[in-house]
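Visitor: sequence first, then the predicted structure:
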Amino acid sequence: MSKAVIRPLLSLKQLLRSTSCLSSNVSFHQLREVTLSAREVTPITIKQARNLLMDMVGTSYNTDEQKVVKGKDLLPIKSSQEECPVRTMTDSYQEVIIPLGQDQEVRQKYLTSMQGFRFGRILEDMDTFAGLICYTHNQDPSKGQNMKSPLSTVTALVDRIDMHGVALSPFKDVRMCGHVTWVGRSSMEVTMIVEQDMDGTREQVLTARFVMVARNPETKKSGTFNIRVKPENSVWMDKTILKNLRICQPEQKNLYNKIFGGFLMRQAFEMAWANAAIYCKGRPVVQVVDDIVFHRPVEIGSLLFLSSQVVYTEGALMQLKVHAEVVDPLTGSRHTTNDFYFAFDTNQPDLPHVVPKTYSESMLFLDGMRHLRD
């Protein structure tokens, strides 16, 4: 694991938004309700989860002989996602119980010397749980449940752990639930929630997002995960790109014989507005212009490339980013001049959600979410 950021959230509403940020603007509980209505899940214990995970893994590494050991009934290794079965978030949903209130032997492993809760145990259990969810997603239902995955899947990053201000008790059962919320070619994000009964009500203790990666044990290169389908009322982020090219003429120069900064801002805004109008099929109204930094001057005669993209949507609001780059036609050198951020109100509560497909798009998504909410 590369890092873990533990921060309190301001409100439960913000928590629920953040847990689904890489799939849609639906809360995690709403996603779980959809999942349970489509696929009944019987909670298993953490011990059963470890055993099930071991059974799903089709290959292992023999440290004594320094070689990969293949199991039986392995699924074929896919070279591209087009060969993989289509999976939904519903397919990967799992629930696990840590029976602290029922099993004294298990409870002893989670108790501190001061009768508190060993938080490190939860970190360990979440790592196991994320692996189970990942392998569940990568199953091929058409081949049967007994077929094992040929890929080695490991934790690459603990992206974020949000504490909700509720202390875990070592004397009550802990419930973990989660599913895959984003899938790339060789990496995926798993979102998990840890809950515990407090005075008769189930309280959320924390939310965690783990990034898992797949490795081909034979080639030692990246493996390929099953593709994830696009949620309803959504648009893939790579379908929202709008580009333009302008020649920087002398008429746009400033007093210092460079291209006027106001010209760049006008071009970026008009590009963003046009993109937003195409996306919502309406006439959006600008709400916020954010973080316009001029990195370097633009020379007369250079080529100005503008690339606009919808990077985040929430309710009727949408966040667009415009990347400005100049090219010297004589030398071919390229330089970024500006990154513009524009927030628009579309007055459409059912605005389609933008969904990232790749890791770089997910970073744009998170960046856009922070700009819109800040």
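Guide: Alright, I've got the coordinates. Numbers count the residues shown, from 1 in each chain.
Visitor: can you show me the helices along this structure?
Guide: Per DSSP state H, the chain has helices spanning 12-19, 28-38, 46-56, 89-92, 104-108, 119-137, 261-280, 359-373. These are given in chain order.
Visitor: same list (those) but as TSV, adding mean neighbour count and distance to residue 335.
Guide: Every C-beta, even on glycine, is put in place using the N, C-alpha and C of the backbone. Shown next, in TSV, are the helices of the chain (neighbours: other CB atoms under 10 Å; distance: least, CB to CB, whole Å):
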stretch	mean neighbour count	distance to residue 335
helix 12-19	17	35
helix 28-38	16	42
helix 46-56	16	48
helix 89-92	22	41
helix 104-108	12	59
helix 119-137	20	40
helix 261-280	19	13
helix 359-373	18	20
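Visitor: among the ones you listed, which is nearest residue 325?
Guide: helix 261-280 (11.3 Å; CB to CB).
Visitor: off-centre distance for the closest one?
Guide: 27 Å (CA atoms, centre = their mean, to the nearest Å).
Visitor: please save the CA atoms from it in PDB.
Guide: The C-alpha coordinates for helix 261-280 follow below in PDB (Å, rounded to 0.1, in the frame of the first residue of the first chain):
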ATOM      1  CA  GLY A 261      -4.600  37.500 -21.900                       C
ATOM      2  CA  GLY A 262      -8.200  38.600 -22.200                       C
ATOM      3  CA  PHE A 263      -8.300  37.100 -25.700                       C
ATOM      4  CA  LEU A 264      -7.100  33.700 -24.300                       C
ATOM      5  CA  MET A 265      -9.800  33.800 -21.500                       C
ATOM      6  CA  ARG A 266     -12.500  34.700 -24.000                       C
ATOM      7  CA  GLN A 267     -11.600  31.800 -26.300                       C
ATOM      8  CA  ALA A 268     -11.500  29.400 -23.400                       C
ATOM      9  CA  PHE A 269     -14.800  30.500 -22.000                       C
ATOM     10  CA  GLU A 270     -16.600  30.300 -25.400                       C
ATOM     11  CA  MET A 271     -15.100  26.900 -25.900                       C
ATOM     12  CA  ALA A 272     -16.300  25.700 -22.500                       C
ATOM     13  CA  TRP A 273     -19.800  27.200 -22.900                       C
ATOM     14  CA  ALA A 274     -20.200  25.600 -26.300                       C
ATOM     15  CA  ASN A 275     -19.200  22.200 -24.900                       C
ATOM     16  CA  ALA A 276     -21.500  22.600 -21.900                       C
ATOM     17  CA  ALA A 277     -24.400  23.600 -24.300                       C
ATOM     18  CA  ILE A 278     -23.800  20.500 -26.400                       C
ATOM     19  CA  TYR A 279     -23.700  18.200 -23.300                       C
ATOM     20  CA  CYS A 280     -26.900  19.500 -21.700                       C
END
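Visitor: sorry, back to before: can I get the helices of the chain in a markdown table including mean pLDDT?
Guide: Output for the helices of the chain, formatted as a markdown table (pLDDT from 0 to 100):
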| stretch | mean pLDDT |
| --- | --- |
| helix 12-19 | 33 |
| helix 28-38 | 36 |
| helix 46-56 | 90 |
| helix 89-92 | 83 |
| helix 104-108 | 95 |
| helix 119-137 | 94 |
| helix 261-280 | 94 |
| helix 359-373 | 86 |
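Visitor: closest to residue 344 out of these?
Guide: Judging those by CB to CB, what sits closest to residue 344 is helix 261-280, at 4.6 Å.
Visitor: quick one: list the elements packing against the closest one.
Guide: strand 242-247, strand 285-290, strand 303-314, strand 317-327, strand 334-345 (3 or more CB pairs under 8 Å, 6 or more residues apart in numbering; DSSP states H and E).
Visitor: want to throw the ones you listed into JSON lines with mean pLDDT?
Guide: Below are those laid out as JSON lines (pLDDT from 0 to 100):
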{"stretch": "strand 242-247", "mean pLDDT": "94"}
{"stretch": "strand 285-290", "mean pLDDT": "94"}
{"stretch": "strand 303-314", "mean pLDDT": "95"}
{"stretch": "strand 317-327", "mean pLDDT": "95"}
{"stretch": "strand 334-345", "mean pLDDT": "94"}
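Visitor: and of these, who's closest to residue 222?
Guide: Per CB to CB, nearest to residue 222 of the helices and strands packed on helix 261-280: strand 303-314, 25.4 Å.
Visitor: so what's the gap between the lengthiest strand in the chain and the chain middle?
Guide: In the chain, taking DSSP state E as the definition, the longest strand is strand 201-215. Remark: strand 201-215 is offset 12 Å from the chain centroid, using CA atoms, centre = their mean.
Visitor: how about it: buried residues?
Guide: 204, 205, 206, 207, 208, 209, 210, 211, 212, 213, 214, 215 (16 or more other CB atoms under 10 Å).
Visitor: pick the one among these closest to residue 253.
Guide: Using CB to CB, those come closest to residue 253 at residue 211, 46.7 Å.
Visitor: can you redo the buried residues of strand 201-215 as CSV with distance to residue 52 and pLDDT?
Guide: Output for the buried residues of strand 201-215, formatted as CSV (distance: CB to CB, whole Å; pLDDT from 0 to 100):
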residue, distance to residue 52, pLDDT
204, 24, 91
205, 23, 93
206, 23, 93
207, 23, 91
208, 20, 93
209, 22, 90
210, 18, 93
211, 22, 91
212, 16, 90
213, 21, 88
214, 19, 84
215, 21, 76
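Visitor: among those, which one sits closest to residue 123?
Guide: The closest of these, once distances to residue 123 are taken by CB to CB, is residue 208, at 8.7 Å.
Visitor: thinking the closest one is in contact with residue 177, fair?
Guide: No - using CB atoms under 8 Å as the test, residue 208 is too far from residue 177 to be in contact (11.4 Å).
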